[in-house]
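Undergrad: Here you go, sequence then predicted model.
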Amino acid sequence: MHTGGEPLRIITGGLPPVLGNDILAKRRYVREHLDHLRQFLMFEPRGHADMYGALLVEPSLPDADLAVLFLHNEGYSTMCGHAMIALGRYAVDYGLVKAVEPVTVVNIECPCGLVRTEVEVTNGRTGNVSFSSVPSFLFGRDYQLSLSNGQPFTCDVAYGGAFYALADAGQFNLSVRQSNVRDMVDIAGQICDAVNKAVKLHHPDHDDLAFLYGVILTDGNDADIHTATANICVFAENQVDRSPTGSGVSARLAAQFAKGQTGQHQPRMFESVIRSQFTGEIEAVTRCGDFDAVIARVSGIAHYSGQSRFWLDEGDEIGKGFRVR
């Protein structure tokens, strides 16, 4: 499937059992024992440097309809909004959850927690999907840091199921809608390095969640709720999200709310580097440990793009997976 252009390879079978009493234990097990299969499924010749995957595993939470581990070019993320939108539709279409019109609720267990998705169903056909994310919050604001060449910049760090550094692309003389993607990826990598050196992250729920997942360069339009705001998300190992990034939208909304730039139930349009769009709004206000937090609601649509079976031919060492960048 793809959501706003961002791929999602849903892995439904063929892997050995994934062991662990909870979702984070399963994530550790796959990372330690089955990582060669992540490379087999995400890397060339079956995938590419920007491929993204969802491995369905047995839920451990009683309210979960399904559970998922996320795969990418570097490892295993804790949350993925574009995957929530795709998996919500997939779960209804493939009978994992019984369809109920006009809205079917699908509860998906992720490494960051339980995420509620709502799938619109009309005359048996699935359509738009919304998800209500885990508590999202502004971790720190207005960090004054420097790139490797000494150029100063300002950024926030926010959590939306994963931690992101948020920075206005304009301070680097870049435009999300017009600049070369390679240039934005290079700057994002330097921002990531600077934040990792200067900011020690922590999460109230679990240490496994406390790492900087990516950098989101924005058009700086955080306060004008009446116009779309564009961003590009660079995550994992220089992987570029083609969608507006669901967990990134949650993080941006949390930062905007904390800074007084948006309020509850004020819909905002978020646009990606390829101009695909998600709608997001603050659904509720809550707490996450010591942090003031919000529940973000993000909406979009996913499409099917194909179905595949993969195997490894005898003696095919290259076929185990490789990357050229």
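TA: Looks like it came in fine. Numbers count the residues shown, from 1 in each chain.
Undergrad: Could you count how many residues lie near Y213?
TA: Counted with other CB atoms under 10 Å, the burial measure for Y213 works out to 26 neighbours. Heads up, the C-betas are built off the backbone N, CA and C, glycines and all.
Undergrad: Adjust the sequence numbering to begin at 24 for everything that follows.
TA: New numbering, starting at 24: the last item is Y236.
Undergrad: residue contacts, it?
TA: Listed by CB atoms under 8 Å, 6 or more residues apart in numbering, the contact set of Y236 reads 100-101, 185-187, 258-259, 270.
Undergrad: Just the ones of these in strands?
TA: 186-187, 258 (DSSP state E).
Undergrad: Make TSV out of those residues and add pLDDT and neighbour count.
TA: Output for these, formatted as TSV (pLDDT from 0 to 100; neighbours: other CB atoms under 10 Å):
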residue	pLDDT	neighbour count
F186	97	23
Y187	98	31
F258	96	26
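Undergrad: Nearest to H105, out of the residues you listed: which one, please.
TA: Lowest distance from H105 to the ones in strands among the contacts of Y236 (CB to CB) belongs to F258, with 11.5 Å.
Undergrad: Tell me the bridge partners for the residue lying closest to that closest one once chain neighbours are set aside.
TA: Residue nearest to F258 in three dimensions, not counting chain neighbours: G237, with 3.0 Å by CB to CB, 6 or more residues apart in numbering. For G237, the residues forming beta bridges with it (DSSP bridges) are Y187, F258.
Undergrad: so where's the stretch 74-223 of the chain shaky on pLDDT?
TA: Counting by pLDDT under 70, the stretch 74-223 of the chain has no low-confidence residues at all.
Undergrad: ok, which stretches of it are helices?
TA: In chain order, the stretch 74-223 of the chain shows helices spanning 104-116, 204-221, with DSSP state H, counting those that start in this stretch as the criterion.
Undergrad: Just say which of those helices is most tucked in.
TA: Comparing those on average neighbours per residue, with mean count of other CB atoms under 10 Å, the densest one is helix 104-116 at a mean of 27.
Undergrad: picking up where we left off before, what residues are up against the residue nearest to F258?
TA: 185, 187-188, 211, 215, 256-259, 264, 268, 271.
Undergrad: now do 6 Å
TA: Contacts of G237 were listed using CB atoms under 6 Å, 6 or more residues apart in numbering, and they are 187, 256-258.
Undergrad: what's the answer for G43, then?
TA: G43 touches 49, 52, counting by CB under 6 Å, 6+ apart.
Undergrad: separation between it and L64?
TA: 19 Å (CB to CB, to the nearest Å).
Undergrad: And G70, by the same measure?
TA: Summarising the geometry, the distance separating G70 from L64, computed by CB to CB, is 6 Å.
Undergrad: okay, these two: which has more neighbours?
TA: Comparing G70 with L64 by other CB under 10 Å, the one with more neighbours is G70, at 23 against 20.
Undergrad: any idea how far the more buried one lies from L60?
TA: Here the distance between G70 and L60 works out to 12 Å (CB to CB).
Undergrad: do V296 as well
TA: V296 is 30 Å from L60, by CB to CB.
Undergrad: out of the two, which sits in the more crowded spot?
TA: V296 (22 against 19).
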